[in-house]
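Chemist: Could you look at this predicted model? Sequence included:
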Amino acid sequence: MTGTRGHTLDIVAVTHRYGAVTAVADVSLAVRAGEIVALLGPSGCGKTTLLRVVAGFVRPQAGSVRIDGAAIDGLPANLRNVGIVFQNYALFPHMTVAQNVAYGLEARGRPRAEVRRTVETFLDVVRLGDFRDRLPRQLSGGQQQRVALARALAVEPTVLLLDEPFNALDKGLRLDMQIEIKRLQRQFGLTAILVTHDQDEAMSVADRIAVMNHGRVEQFDTPVNVYDRPATLFVSGFVGTTNLLRGRALEAKNGCAVVTLDAGARLTVRTERAFTAGVPVVLSARPEQLCLYTAPAPERWSVTRRLSVPLGPNTMHDLETRDGATLKLIEPRHAYGVDAKEEVWCGLRPEAEPGLFDASSI
Amino acid sequence: MTTATAEIAAPAARRWSAALRPAEWQLVLPLALAYAAFFLVPLVLLILVSFFDDEKITTMGGAQWTKFLGDRFTWKVIADTLKLGVFTVAATSLIGVPVALVYLGASARWQGVILFVVILPLLTSVVVRTFAWIVILGREGVINQTVLWLGLSPAPLRLLQTEHGLVIALTQIEMPLLLLPLLSVMSRMDPNLRDASSALGASKWRTLFRVTLPLSLPGLVAGCMLVFASSTTAFISQLVIGGNRLVYLPLLIWQQSLVVYNWPLASAAALTLLVSVGLGVAAIAAVGRRGHAWALR
């Protein structure tokens, strides 16, 4: 039951085009054994194509997929032993729950007694033992997904592929299923790939996230690093909310850059990138990295407050800078607060490390 | 007293008016009237006429029915008609299902081409199509020339005025009726189902027999019903290709009504055709349900 040890999955320089459109451009990812990696990106970024390449539904024009170091490019999908859970679950509508789970085992020619035993085991794993004789349409969305999981796990796949599996579920159920999938993946020590466009889902389920855009991997890192240290402007905008402030780099040395913002401030920002003096830059600051002040300073810029709304324990301020940019700022809801009529200045929190990017990368 | 009655009557009236809201049943009216006038009334007349003993339709009685059903020739014609339907259904299915599978696997552009070729027979007149088959099946026709050229047979094959030739022609003529319902059911099938089957380790054949075909069965059954009903009643094709040597129920009806002018007998034959085609279609439906149950096992 707990015997299946994870397998490594290597995607090496995979490129795939549909006609003139490059869906996946030279993507390489090394997934460790027992690790769950999320492919995160907007629709059309190539994440689903990459998943279909791993499953064997799509033959890429270049590159290779390796499981435990051995290339599986020549194998058709039915010989790859890869488990997949589709967005719409793709349960066979004319078969009962038990028949769906038994399908892969029967295709492998396992003896009847073994098939029955394994089906019972996996229906228990997803807690659907009482539903074995139901048809898929008689089940709720969450139950259907658990059947799809049991069906994929029953054949003891080397890699589990999850194609936006939580999309069709309502919000409350979604978290339960995310925990369930994580639990099963841990229990079986499975190597898994999760395709999603939902950053919260990627953050909560995945060990590492590959952020994709236009067929390329922009960053492949832990959820915390992807959020705190986005590698590109796209990542900083796609993962979490961010404010973009335009300006110019004045000087950059010793891991720090001095920037003048068009909004009217002069800041020193920690960065590992090098900027030549005078080059246009974009400062990407998350709402919780900004702070409101009632007194001006060289590193603060004047803003007008358009709206303030309570968000749980926080307040979200909608601000406008002098040069017309809008900012979102989140701060703990103070008992005193700033008077709505008062003039306010916006600045970075002392500990904040916003991203600084070349403006030409927009 | 009056108020009490009114109180009791009011909800009933409301229910009544809710069940028959004018806006809704009025919409069905034109079709219902057309059906009543052009289908129900003629059918009742047909039944009435069949129960007259003489050709002038003056005395009622069951003489025509006993004469018609007592004749062994009648039963041969009924059997031949049903056999023609079964053969045509078998031939269209054997060719149509692979075509549908090719369609399913084709790219969008090729799907358009296949669909056009499938619908093409519907765009030409039945008469034209049937005469085209005479050119193909005739003694000097395309098929015979090819057969002779290849040396497959020393003499030209007899295809016109044979059941084989008629089934060949009907297979092409009725193909759209089989394919259109089949393709519509198949293309509505979730393509992920086939991918899921293959990812679970099923070969192409297993996927075909366990997933694709069972789920296309409703479309196939609908198509078979249409082909059966249409081929058994295809008067023009039966007459032009089968000639007078092959007698099917439609030809019998035509002879009795427009050549012999024995309308009571023609009516009896027409009702026999209606019932036997109906039974054939019901049999296909029953086989379809069996097949579905088998696929579910």
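Modeler: Here it is on my side, so go on. Residues are numbered from 1 along each chain as shown, chains lettered A, B, ... in the order given.

Chemist: what's the closest non-adjacent residue to residue 127?
Modeler: All of this refers to chain A. Spatial nearest neighbour of A:Arg127, excluding adjacent residues (CB to CB, 6 or more residues apart in numbering or on different chains): A:Arg146 at 7.2 Å. C-beta here means a position set from N, CA and C on the backbone, and glycine is covered the same way.

Chemist: Hmm, no, I was thinking of chain B.
Modeler: Excluding the flanking residues, the one nearest B:Val127 by CB to CB, 6+ apart is B:Ile236, at 6.2 Å.

Chemist: Name the residues that touch the helix or strand where the one you found lies?
Modeler: For B:Ile236, the host element (DSSP states H and E) is helix B:235-242. Residues from elsewhere that reach helix B:235-242 (CB atoms under 8 Å, 6 or more residues apart in numbering or on different chains): B:84, B:126-127, B:129-131, B:133-134, B:137, B:160-161, B:163, B:165-166, B:169-170, B:173, B:246, B:248, B:250-251, B:254.

Chemist: Can you get me the start-to-end distance on stretch A:247-258?
Modeler: In stretch A:247-258, first residue to last residue: 10 Å (CA to CA, to the nearest Å).

Chemist: Tell me the residues of chain A that contact chain B?
Modeler: Within chain A, the positions near chain B by CB under 8 Å from any CB of the partner chain are A:55-57, A:76-84, A:86, A:88, A:90, A:92-95, A:103-104, A:107-108, A:151-152, A:155.

Chemist: Take the residues you listed and keep only those in strands.
Modeler: A:82-84 (DSSP state E).

Chemist: Tell me where the chain is predicted with low confidence.
Modeler: Went with chain A since none was named. For chain A, the stretches with pLDDT under 70 are A:1-5, A:334-341, A:362.

Chemist: if you could check chain B rather than the one you did, that'd help
Modeler: Judged by pLDDT under 70, chain B has its weakly predicted residues at B:1-22, B:294-297.

Chemist: near chain A, which residues of it show up?
Modeler: Counting by CB under 8 Å from any CB, chain B comes close to chain A at B:190, B:192-193, B:195-204, B:206, B:210-211, B:214-215, B:292, B:295-296.

Chemist: Kindly indicate which of the ones in strands among the residues of chain A next to chain B lies nearest chain B.
Modeler: Nearest to chain B among these is A:Ile84, at 4.6 Å by CB to the nearest CB.

Chemist: Buried subset of the contacts of helix B:235-242 as a PyMOL selection?
Modeler: Buried members of the contacts of helix B:235-242, defined by 16 or more other CB atoms under 10 Å in any protein chain shown, are picked up in PyMOL with:
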select buried, chain B and resi 84+129+130+133+137+160+165+166+169+170+173+246+248+250+251+254
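
Chemist: before we move on, back to that, just the buried subset of the residues of chain B next to chain A, written out for ChimeraX, thanks.
Modeler: Per 16+ other CB under 10 Å, the buried members of those correspond to this ChimeraX selection:
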select /B:190,192,193,195,196,197,198,199,200,201,202,206,210,211,214,215,295
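
Chemist: Helices - which of the residues of chain B next to chain A land there?
Modeler: The helices, defined by DSSP state H, take in B:192-193, B:195-199, B:204, B:206, B:214-215, B:292, B:295-296 from these.

Chemist: Pull the most distant pair out of these.
Modeler: B:Ala199 and B:His292 (25.1 Å; CB to CB).

Chemist: List the buried residues of the strand or helix carrying B:Met175.
Modeler: Taking DSSP H and E as the criterion, B:Met175 maps to helix B:163-188. Neighbour counts over helix B:163-188 (16+ other CB under 10 Å) mark B:165-183, B:185-186 as buried.

Chemist: Pull the contacting residues for the residue nearest to B:Leu215 when sequence neighbours are not counted.
Modeler: Distances taken as CB to CB, 6+ apart place B:Met189 nearest to B:Leu215, at 5.4 Å, with adjacent residues excluded. Contacts of B:Met189 were listed using CB under 8 Å, 6+ apart, and they are B:104, B:212, B:215-216.

Chemist: Same check on A:Val159?
Modeler: Taking CB under 8 Å, 6+ apart as the test, what A:Val159 contacts is A:7, A:9, A:31, A:54, A:67, A:82-83, A:190-193.

Chemist: Please narrow the residues you listed to those residing in strands.
Modeler: A:9, A:31, A:67, A:82-83, A:191-193.
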